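J.: I'd like to go over a predicted model; first the sequence, then the structure.
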Amino acid sequence: MAKRERVMRMSVEQPLWRALTAYRVLTMLYAVGLFATAYEEFARPWVAVAYYAVLGAWTLATLPRVANAARCTKRFLAADLTVAITGILLTPVADAHERVQAGGPTLPSIWTAGAVLAFAVKGGWRWAALASSLVAVANLVERGTPARDTVHNVILVCIASIAIGYVVEVARASERTLARALEIEAATRERERLARDIHDSVLQVLAMVQRRGAVIGGEAAELGRMAGEQEVALRTLVSGGLVPVSRVSEDAAEGAVVRSVDEELPQSGPVDLRALLAPYAGAKVSLAEPGAPVPLAPVAAREVAAAVGAALDNVRRHAGEQARAWILVEDEPDEVIVTVRDDGPGIPQGRLAQAEGEGRLGVALSIRGRLRDLGGSADLISVPGQGTEVELKVPKDVTDARGKAEQR
């Protein structure tokens, strides 16, 4: 049995979390080492010792929290930044006033940047800007005056964290795009595999039934006709892939994940008219369409498809079950034109006006009324003995009030 392909989880930001974990440990050891080398110069070294005990325990205990985005919660980020800011504000209490005014390091030193970078990796540049602003205020309060070295360090942390946050956002967007492309590629390969299997079995059997039924005649001919219709419908289904399938990219804890979502029709944004007209194609109905999508507003696409359905109903009702019909779709710059033509006996002159007088308003309402509401038109041309042609025109910029209400 063939295996189906699927897109696996991936994450371009995972290396950033690993680097942040190592950074927090190394900068914690660095801050403790700075204190140890200048222990005699502190006015209240016991305050620093107590803080470093808390800092060391907090850093080691929270290493799993910075392993990935899922564990790095908002509550943890707030507590982590509080530890950093508390250390900055405790510096004037523990250290000598002269060292503080001379630009000595704060108690957490560069460990503070790790707390800010966690905001950047988790939430992007906006979160980084918020965290770095709070650290900047704490540094200014600790120093008392906006000295040059303090301002320099604050600006450096702000720029670095915001830049990293922006890079993370771009990486996530690229990751989602790549995951979507890989999923579409996998789906395309799966559809091609199914198309080959169906072509080698089901479609060939249906084609054989159609040919043999036509040769035998009688009830077998009707069976062959039905097999031919099913062959055309099945071939259309497996060959074009016109029915839209939504593939929604999500940003999960360990990277982008793409999942399939069944949807009947998008309610916002343009709709490919070809997808709505494809089901009408069959053994007696031929569909000619452009190779590229034919975008229309959702309400316009549905109304045009309904008008085409009404025209085909008229063909079956008045021209007979054996009549053939052709649907032609033309995508013009400002409008879309759909033509439905049949090889029936045509409509006698004055028959439409007589039908409307008798209260039968199929053409007037089901076809012309739909297009009129969209700002388009429906022209019917029929010559007795030469079939009937219905030309539907709809503008691409639909301003129908019903469509606006529906899109809202």
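T.: Yep, it's here.
J.: So, low pLDDT: which residues of the stretch 201-350 of the chain?
T.: Applying pLDDT under 70 to the stretch 201-350 of the chain flags the ranges 201, 203, 233-268, 348-350.
J.: how about the helices in it?
T.: Under the criterion DSSP state H, counting those that start in this stretch, the stretch 201-350 of the chain contains helices at 204-216, 219-240, 273-277, 298-314.
J.: ok, residues contacting the shortest one?
T.: It stands for helix 273-277. Contacts with helix 273-277, where a contact means C-beta atoms under 8 Å, 6 or more residues apart in numbering, come from 242-244, 287, 289-290, 293-296, 301-302, 304-305, 308, 327, 329, 336, 338. C-beta: built from backbone N, CA, C; applies to glycine.
J.: likewise the first one?
T.: Contacting residues not belonging to helix 204-216 are listed as 220-225, 227-228, 230-231, 234 [C-beta under 8 Å, 6+ apart].
J.: go on, stretch 78-87?
T.: Residues outside stretch 78-87 that contact it (C-beta under 8 Å, 6+ apart): 51, 54-55, 58, 62, 65, 106-108, 111-112, 115-116, 118-119, 131, 134-135, 138.
J.: let's see 6 Å
T.: Contact partners of stretch 78-87, identified using C-beta atoms under 6 Å, 6 or more residues apart in numbering, comprise 51, 58, 107-108, 112, 115, 131, 138.
J.: Please state the offset of it from the chain centre?
T.: Centroid separation between stretch 78-87 and its chain, computed with C-alpha atoms, centre = their mean, to the nearest Å, is 37 Å.
J.: buried residues in that stretch?
T.: In terms of neighbour count (16 or more other C-beta atoms under 10 Å), stretch 78-87 has its buried residues at 80-81, 83-85, 87.
J.: These in helices, which ones?
T.: The members of the buried residues of stretch 78-87 that map onto helices under DSSP state H are 80-81, 83-85, 87.
J.: returning to that earlier point: and of the contacts of helix 204-216, the nearest to Gln14?
T.: Leu234 (44.1 Å; C-beta to C-beta).
J.: Buried residues in stretch 167-175, which are they?
T.: Quick answer for stretch 167-175 (16+ other C-beta under 10 Å): 167-169, 172, 175.
J.: How about stretch 305-314?
T.: 305, 307-312, 314.
J.: Could you list the residues in contact with that stretch?
T.: Stretch 305-314 has contacts (C-beta under 6 Å, 6+ apart) with 276, 325, 340, 366-367, 370, 390, 392.
J.: Extract the C-alpha set from that stretch and format it as PDB.
T.: The C-alpha coordinates for stretch 305-314 follow below in PDB (Å, rounded to 0.1, in the frame of the first residue of the first chain):
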ATOM      1  CA  ALA A 305     -23.300  29.600 -11.700                       C
ATOM      2  CA  ALA A 306     -27.000  29.500 -10.700                       C
ATOM      3  CA  ALA A 307     -27.900  31.300 -14.000                       C
ATOM      4  CA  VAL A 308     -25.800  28.700 -15.900                       C
ATOM      5  CA  GLY A 309     -27.700  25.900 -14.100                       C
ATOM      6  CA  ALA A 310     -31.000  27.500 -14.900                       C
ATOM      7  CA  ALA A 311     -30.000  27.700 -18.600                       C
ATOM      8  CA  LEU A 312     -29.000  24.000 -18.700                       C
ATOM      9  CA  ASP A 313     -32.300  23.100 -17.000                       C
ATOM     10  CA  ASN A 314     -34.100  24.800 -19.800                       C
END
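J.: ok so, going back, dump the ones in helices among the buried residues of stretch 78-87 to TSV, plus pLDDT and distance to Glu13.
T.: Shown next, in TSV, are those (pLDDT from 0 to 100; distance: C-beta to C-beta, whole Å):
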residue	pLDDT	distance to Glu13
Asp80	93	18
Leu81	93	20
Val83	93	23
Ala84	92	22
Ile85	92	25
Gly87	90	27
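J.: what's the closest non-adjacent residue to Leu296?
T.: Distance criterion C-beta to C-beta, 6 or more residues apart in numbering; nearest residue to Leu296, sequence neighbours excluded, is Leu273 at 5.2 Å.
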